[in-house]
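>>> what's the 3D shape of this:
(2 chains)
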2 protein chains.
Amino acid sequence: MTKEIKELTPRNESYSQWYNDLVIKADLAENSAVRGCMVIKPYGYAIWEKIQRQLDDMFKETGHVNAYFPLFIPKSFLSKEADHVEGFAKECAVVTHYRLKNDPDGKGVVVDPEAKLEEELIVRPTSETIIWNTYKNWIQSHRDLPVLCNQWANVVRWEMRTRLFLRTAEFLWQEGHTAHATKEDAIEETVKMLRVYADFAEQYMAVPVIQGVKTPGERFAGAVDTYCIEALMQDGKALQAGTSHFLGQNFAKAFDVQFLNKEGKREYVWSTSWGVSTRLMGALIMAHSDDNGLVLPPKLAPFQVVIVPIYKNEENLNAVTEQANRIITELKDSGITVKYDNATNKKPGWKFAEYELKGVPVRLAMGERDLKNGTVEVARRDTLTKETVSVDNIATYIKNLLDDIQRNIYKKASDYRAANTVTVDTYDEFKERIENGGFISAHWDGTSETEELIKEETKATIRCIPLEGDVEPGKCMVTGKPSKQRVIFARAY
Amino acid sequence: MTKEIKELTPRNESYSQWYNDLVIKADLAENSAVRGCMVIKPYGYAIWEKIQRQLDDMFKETGHVNAYFPLFIPKSFLSKEADHVEGFAKECAVVTHYRLKNDPDGKGVVVDPEAKLEEELIVRPTSETIIWNTYKNWIQSHRDLPVLCNQWANVVRWEMRTRLFLRTAEFLWQEGHTAHATKEDAIEETVKMLRVYADFAEQYMAVPVIQGVKTPGERFAGAVDTYCIEALMQDGKALQAGTSHFLGQNFAKAFDVQFLNKEGKREYVWSTSWGVSTRLMGALIMAHSDDNGLVLPPKLAPFQVVIVPIYKNEENLNAVTEQANRIITELKDSGITVKYDNATNKKPGWKFAEYELKGVPVRLAMGERDLKNGTVEVARRDTLTKETVSVDNIATYIKNLLDDIQRNIYKKASDYRAANTVTVDTYDEFKERIENGGFISAHWDGTSETEELIKEETKATIRCIPLEGDVEPGKCMVTGKPSKQRVIFARAY
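The predicted structure is shown next:
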């Protein structure tokens, strides 16, 4: 017997194959003809649009505005901040020419050697340099500060090993770039945006996250401090879901951006940058989904409810459709998004499997008997349970159900994380426990030598130095040297 | 005396300088360090976001979904459609390498010659080729059709002479790409999207447009027919504001995209593409603005109302602010966007000029006397008139006023166009009239020779063969040969 085309590899067989199957079969994304670049398909893009809209609202509520900066960065700009160029030079797409011409041999087109750029342009891997070159002209006085800009854009990092959503050569993201008069203001902004990301992850994606600070070795290239949110996937691996960087005066100095402070003295500007990307799609998919397919939190589902009619003949279908239309109106009036699938070339069973695969939170099915009884069958995606309920007050019922699903999948992810987070005091125990995946809270002596050693020996990295929880000193599990507080280890995406 | 920094060059002195001044001084956009690429500043981007949101809603209402395709196009893809490569090869950014390395001479970074791509990648100038290569895998049967995708993206065309918004090397746009089972369906889609563009231009941008078809010489590279909307700017020049292309089976053949029709026979797919870009910003700015600054239609203004308090002391300001807050609540409840500018380091006169420059449709000013009288001063940007009105029912008053402003600026643009559209029957008269600018309706024999001759001698191009109006045959004004209908000429951006 051949496998059903829509069947997924079970998670316990191969988690990574399950993920790849799911992304493809749920029509979220696919690989393109261009190495490492993905096509985001309409259903996947609809989820991304929900993510974007919500984040954008949250950015605006916290006083930010959107702007747009060039796709290209002159090569010399990259070099102006030493760590920055070190971090990005080795994986960037370089534009060297601005014209093609007909192949003299008569076959297709070739690069026109006469159209060579004087200075090569880099396709932005991130925009600090081009933006700080721009801010130089925007900022003269303390009255011009703060500058609180965000940009929604595509960026390119020439990754050698790519995976849909998780690591692609081109990806979509937002990057906030802010300028402040004082160090304190900039740090406050960095933390504020970290909180926004954490709120978004927990309240909308239903993914619990640990908020923390990266070790120097894991910092963004050019940052003084990198704050991050870390989530735990179902295979026990951690995923960095968003970062917020305190950049100090590094880019202000590199691009000579100074302002006249209230005392009339010239000072370098303080800055931050922060971003989340289509990688969030990967986190969303991996955090909740199961062997039947996607499980989407209602707040980010392209449509929250699907209605499937059950019928024997056209007369039947018409009667069901009439009832469905009443329900649709009620749901829409309550702000619930709904799709009615009355396609006649697909059987109900096929549709059930399809919407399960696509993670639609609630499925309603209705047939002749339901019409007689004034009922509808309600199936919830998260628990795969069904019940028959009255159509009276259906909108209120569904509204509560969607809230319950949102809470439940958050709780499930939260319980999973709790069950897979351990506190460990010896390196031997660490080496044993890391094989099970999950977060490990342990003491570390604060040196990059020890960090590197642990990484080499166990493949685990320090995900972050957590901002919350008890700060209790101790001794490094490896060297026995003093440690200020426990840090979070995991193997990571 | 030196010119006020915010003063614009008057239109009658130099229309093109006035435009450049306005774009810069109203904080809409500026040139970047990268040749031909612009920075869209927050105020300009806020207008673009309004445009995007409205168009996106209209696309979705007509059954379209969004998706995302790669930024890069393999060089060989461009060559697959002969006209297409001819149209775009000469102005494209070419990625040849994927890595930089430290300069052996110790100064900055250089392109790593060992990281040369096997096949060069073109930064998309438009996405037909990469999309049709993708659609090949999406389309097998007539059941897979139609495919109705849109993409919001950045594109790059290496223009030699650039102007902010009107012609830039990188610009933002949307590109719809649809696939259909029949020629009729594809043509219907092409015209439907042209209507959407025309509705948007007229109802939201308040810019009247002529809908028509391009001559073969002005067609999109790869199209069978290009439909367009053409607007008239205040300097008498035409601006193409949007295009919708019927592509026939050209791209389906180039990428071998066939489907099994209802009769079980394989057929090539029919297609369309359609797009509008940040060029619309240029049209919006030029169509309505005056020597005092921007004039924005209320439907696209980032905020529709600004309130400026007039006060002598802090007590004063507090009382005005209390009243202002009541008004703001009322306006917001009516769906009106409003900004309260209580900055204390700027004089009211400065604020008045600033919001005039930025085109805010309605300005409210309130002082002590207004508080006593229960009044507010209302100034409208389009007519620059002021009146004092009661604060009772202020929301209803403003709502009607905004509708009136929207109508009025459309009417003004419409009257201007009517006054600058003439019907001409002889080439002599044509040559005389074209010097005044405006649209000229005249007979043409349908040959590219005559079209070219007119262009060379008068700099006027055929903007379109209009879809509406009387189709009355006549004789070409140049050659006297038969003409099926009058076409629209103008000098154009």
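>>> from here on, contacts and neighbour counts on C-alpha atoms
Fine.
>>> Which helix or strand in chain A has the lowest average pLDDT?
Lowest on mean pLDDT, DSSP states H and E among the helices and strands of chain A sits helix A:82-88, with a mean of 87.
>>> Closest to the centroid, which residue in chain A?
Centroid-nearest residue in chain A: A:L280, 1.3 Å away (criterion: Cα atoms, centre = their mean).
>>> contacting residues for that residue?
Shown here is A:L280, whose contacts under the criterion Cα atoms under 8 Å, 6 or more residues apart in numbering or on different chains are A:165, A:241.
>>> three-state assignment of it?
In three-state terms, and counting by DSSP: H, G, I helix; E, B strand; the rest coil, A:L280 is helix.
>>> any idea how far it lies from A:F88?
22 Å (Cα to Cα, to the nearest Å).
>>> Also A:G374?
62 Å.
>>> same question, A:D144
A:D144 is 30 Å from A:F88, by Cα to Cα.
>>> Tell me who's in contact with A:G236.
Counting by Cα under 8 Å, 6+ apart, A:G236 has contacts A:420, A:436-439, A:491.
>>> Farthest-apart pair in those residues, please.
Farthest pair in these (Cα to Cα) is A:N420 and A:R491. Separation: 12.5 Å.
>>> More neighbours: these two, which one.
Between A:N420 and A:R491, counted using other Cα atoms under 10 Å in any protein chain shown, A:R491 has the larger neighbour count: 22 against 17.
>>> Please name the nearest non-neighbouring residue to the more buried one.
A:A460 (4.4 Å; Cα to Cα, 6 or more residues apart in numbering or on different chains).
>>> so the one you found sits right up against A:I488, yeah?
No. In this structure, A:A460 is not within contact of A:I488 by Cα atoms under 8 Å, at 9.9 Å.
>>> tally of neighbours for the closest residue in space to A:E472 that isn't next to it in sequence?
Sequence neighbours aside, A:Q485 is the residue nearest to A:E472 in space, at 5.2 Å (criterion: Cα to Cα, 6+ apart). Using other Cα under 10 Å, A:Q485 has 21 other residues around it.
>>> does A:Q485 really touch A:G469, like I thought?
No. Using Cα under 8 Å, A:Q485 makes no contact with A:G469, being 9.7 Å away.
>>> just the helices in chain A please.
Assigned by DSSP state H, the helices in chain A fall at A:15-25, A:42-61, A:75-78, A:82-88, A:128-138, A:183-199, A:250-254, A:279-288, A:314-333, A:348-357, A:368-373, A:394-419, A:427-433, A:448-458.
>>> These: lowest mean pLDDT?
Ranked by mean pLDDT, the helices of chain A bottom out at helix A:82-88, which scores a mean of 87.
>>> Quick check: beta-bridge partners of the residue lying closest to A:T272 once chain neighbours are set aside?
In this structure, A:T272 finds its nearest non-sequential neighbour in A:F246, 4.7 Å apart by Cα to Cα, 6+ apart. For A:F246, the beta-bridge partners under DSSP bridges are A:D225, A:T272.
>>> Touching, A:F246 and A:G222? I think so.
No. Between A:F246 and A:G222 there is no contact under Cα under 8 Å: 9.4 Å.
>>> Of those two, which one has the most company?
Applying other Cα under 10 Å to A:F246 and A:G222 shows that A:F246 carries more neighbours, namely 26 against 22.
>>> Pull the contacting residues for that one.
For A:F246, the contacting residues are A:186-187, A:190, A:223-227, A:271-273, by Cα under 8 Å, 6+ apart.
>>> what distance separates stretch A:134-154 from the middle of the whole chain?
Distance of stretch A:134-154 from its chain centroid, counting by Cα atoms, centre = their mean, to the nearest Å, is 25 Å.
>>> mind giving me the domain split of chain A?
Recorded structural domains for chain A (assignment: automatic domain parsing) are A:15-74+A:123-288, A:303-403, A:421-490.
>>> what's the closest of those domains to B:S79?
Ranking the domains of chain A by distance to B:S79, with Cα to Cα as the measure, places domain A:15-74+A:123-288 first at 15.2 Å.
>>> got the end-to-end distance for the closest one?
13 Å.
>>> now do stretch A:250-270
8 Å.
>>> how about it: buried residues?
Buried positions in stretch A:250-270, judged by neighbour count with 16 or more other Cα atoms under 10 Å in any protein chain shown: A:250-261, A:267-270.
>>> which among these gets closest to A:G335?
Minimum distance to A:G335 across those is 42.5 Å, recorded for A:W270 (Cα to Cα).
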